[in-house]
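Participant: got a predicted structure here, sequence first:
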Amino acid sequence: MAPSAADRTGRLSVPEAELSVPGGLPDPLVAADGTPVTSADDWTRRRAELIDLFERHVYGRTPSKRVTMDSEVIASNPGAVEGRATRTEIQLRFAGGPTANLLLYVPNAVTERCPAFLGLNFWGNHELESDPEIVLSQQWMRGHGVGVVGNRATEASRGCEADRWPLAQILDRGYALATMYCGDLDPDYDDGFANGIHPLFYGPGQTRPARDEWGTLGAWAWGLSRALDYLETDSRIDAGQVIAFGHSRLGKAALWAAAQDTRFAMAASNNSGCGGAALSRRRVGETVEAITRRFPHWFCTAFNDYVDREDALPVDQHELIALIAPRPVCIGSAVGDEWADPAGEFLSARYADPVYRLLGVEGFSGTDMPDPGEAVTSRIAYHLRPGGHGITVHDWTRYLDSADRQLGAYLAL
Ligand code: GTR
């Protein structure tokens, strides 16, 4: 199939014929033994089955063992973001393992417990603002980051991603924001899982995860849940209204976190692509072959079996979206981000719909790909932004609008 392409007007030209998946998709509402799923109780069983399939074949099993986590507030500034927020840095210490720093902004104007976006970041918490009070991460970083020298951040790295985090906008809309460096949980390179949190869970003599045990995306998703554990203890946050959020590889982790951990009230995935919101079977843009070759550590080893065999996968990514039902989920694509297959992300939203309907709530109200700049604003929301891979104010506005519109309805269920 020809890849989808943006024409000169910036419109994503996706003929209906291309909005399809040759060979079809697994049906979220048919159990592995062929039994139709026709009630909420059936779905509870099917849901457990799908989690198990995603664990065994895609992301790897998340360990059930609990680790003790201590937390300590290491800095607090009540006048951050021009007086808008109280900014706190919290050290989360995992017994016997690494430490992760959570950076939390709570709007001063909100006097009740407030909803929060929680997402990982690519370059350390200092990427959000140039303020030297924020701890400069000492962790390993990928080499091409702003100010990164010898795989470490420097003072020149501060604020390097500020445009991706429109703090004033988020805070003025009444939302808190919490973020943590993904590399605090597991550095983003293939080191055989010697660093990060994986070794904390090894059995005697074990030196790396087994074939069906978690990779880096699984570790990042786990970290989002641990940050949520902390937010549950913070009286300023409404822990029942926390949105798992992420861009690109971190959007994959956010979806997997929300699929597994039903405490997340909503998920927002931006340009998450292959292994995120995009259907694997379409093989448009990044394929299983491409992703496992460049990022062998992201998934479980068993996922390699599906290189050029996407049709043999027992699941596809619309079922990852369905695992978030009945909670709201937002999927954001960009016209020029063909690597992430915007049409494949749209179709995941569309084909997750029946599960939401079965559970008696609105699912996805769109049938055609929206034009760039337009959105489908149902409980499963989808928007297509002009431009390329990245996260912009446009994307944030969509996620904030969806949260305003959908969270209340979900909580009223
Ligand atoms: C790309 C990768 C994508 C996406 C992206 C990102 O190199 O192929 O799957 O996750 O990185 O995280 O920015």
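Facilitator: Nice, I can see it.
Participant: give me the three-state assignment for the residue lying closest to Tyr356 once chain neighbours are set aside.
Facilitator: Computed as C-beta to C-beta, 6 or more residues apart in numbering, the closest residue to Tyr356 that is not its neighbour in sequence is Gly363, at 3.2 Å. C-beta: built from backbone N, CA, C; applies to glycine. At Gly363 the chain is in coil, as set by DSSP: H, G, I helix; E, B strand; the rest coil.
Participant: got it, and Asp70?
Facilitator: Classification of Asp70 using three-state DSSP returns strand.
Participant: ok, now Ala244?
Facilitator: Ala244 - assigned by three-state DSSP - is strand.
Participant: same question for Gln241.
Facilitator: Here Gln241 is recorded as strand under three-state DSSP.
Participant: what sits against it?
Facilitator: By C-beta atoms under 8 Å, 6 or more residues apart in numbering, the contact set of Gln241 is Cys114, Pro115, Ala116, Ala265, Met266, Leu407, Leu411.
Participant: coming back round to it: look up how far the ligand lies from the residue nearest to Tyr356.
Facilitator: Separation of Gly363 from the ligand (C-beta to the nearest ligand atom, to the nearest Å): 26 Å.
Participant: tell me the contacts of that residue?
Facilitator: Contact partners of Gly363, counting by C-beta under 8 Å, 6+ apart, are Ala325, Ala352, Asp353, Pro354, Val355, Tyr356, Arg357, Ser378, Arg379, Ile380.
Participant: now Leu323: how far from the ligand?
Facilitator: Applying C-beta to the nearest ligand atom to Leu323 and the ligand gives a distance of 20 Å.
Participant: hmm, back to that, of the contacts of Gln241, grab the buried ones for PyMOL.
Facilitator: Selection of buried members from these for PyMOL, criterion 16 or more other C-beta atoms under 10 Å:
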select buried, resi 114+115+116+265+266+407
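Participant: how about the contacts of Gln241 in CSV, adding distance to the ligand and secondary structure?
Facilitator: Compiled in CSV, the contacts of Gln241 are given as follows (distance: C-beta to the nearest ligand atom, whole Å; DSSP: H, G, I helix; E, B strand; the rest coil):
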residue, distance to the ligand, secondary structure
Cys114, 29, strand
Pro115, 26, strand
Ala116, 23, strand
Ala265, 24, coil
Met266, 21, strand
Leu407, 26, helix
Leu411, 31, helix
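Participant: could I get the contacts of Gln241 as a markdown table with pLDDT?
Facilitator: A markdown table is the format used below for the contacts of Gln241 (pLDDT from 0 to 100):
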| residue | pLDDT |
| --- | --- |
| Cys114 | 95 |
| Pro115 | 97 |
| Ala116 | 98 |
| Ala265 | 98 |
| Met266 | 98 |
| Leu407 | 91 |
| Leu411 | 79 |
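Participant: rewinding a little: who wins for neighbours among the contacts of Gly363?
Facilitator: Ile380 (31 neighbours; other C-beta atoms under 10 Å).
Participant: beta partners for it?
Facilitator: Under the criterion DSSP bridges, Ile380 forms beta bridges with Val329.
Participant: residues in the protein within reach of the ligand, list them.
Facilitator: Contact residues, the chain versus the ligand (C-beta under 6 Å from any ligand atom): Ser248, Arg249, Gly273, Cys274, Glu286, Ile291.
Participant: quick one: secondary structure of the fifth one?
Facilitator: Pointing back at Glu286 there. Look at Glu286: counting by three-state DSSP, its state is coil.
Participant: residues contacting it?
Facilitator: For Glu286, the contact set (C-beta under 8 Å, 6+ apart) comprises Gly273, Cys274, Ala278, Trp339, Ala340, Asp341.
Participant: which parts of the chain are helices?
Facilitator: For the chain, helices defined by DSSP state H occupy the ranges 40-54, 80-83, 167-172, 182-185, 216-231, 249-260, 288-294, 317-322, 342-358, 393-411.
Participant: in the third one, what's buried?
Facilitator: In this case it means helix 167-172. Leu167, Ile170, Leu171.
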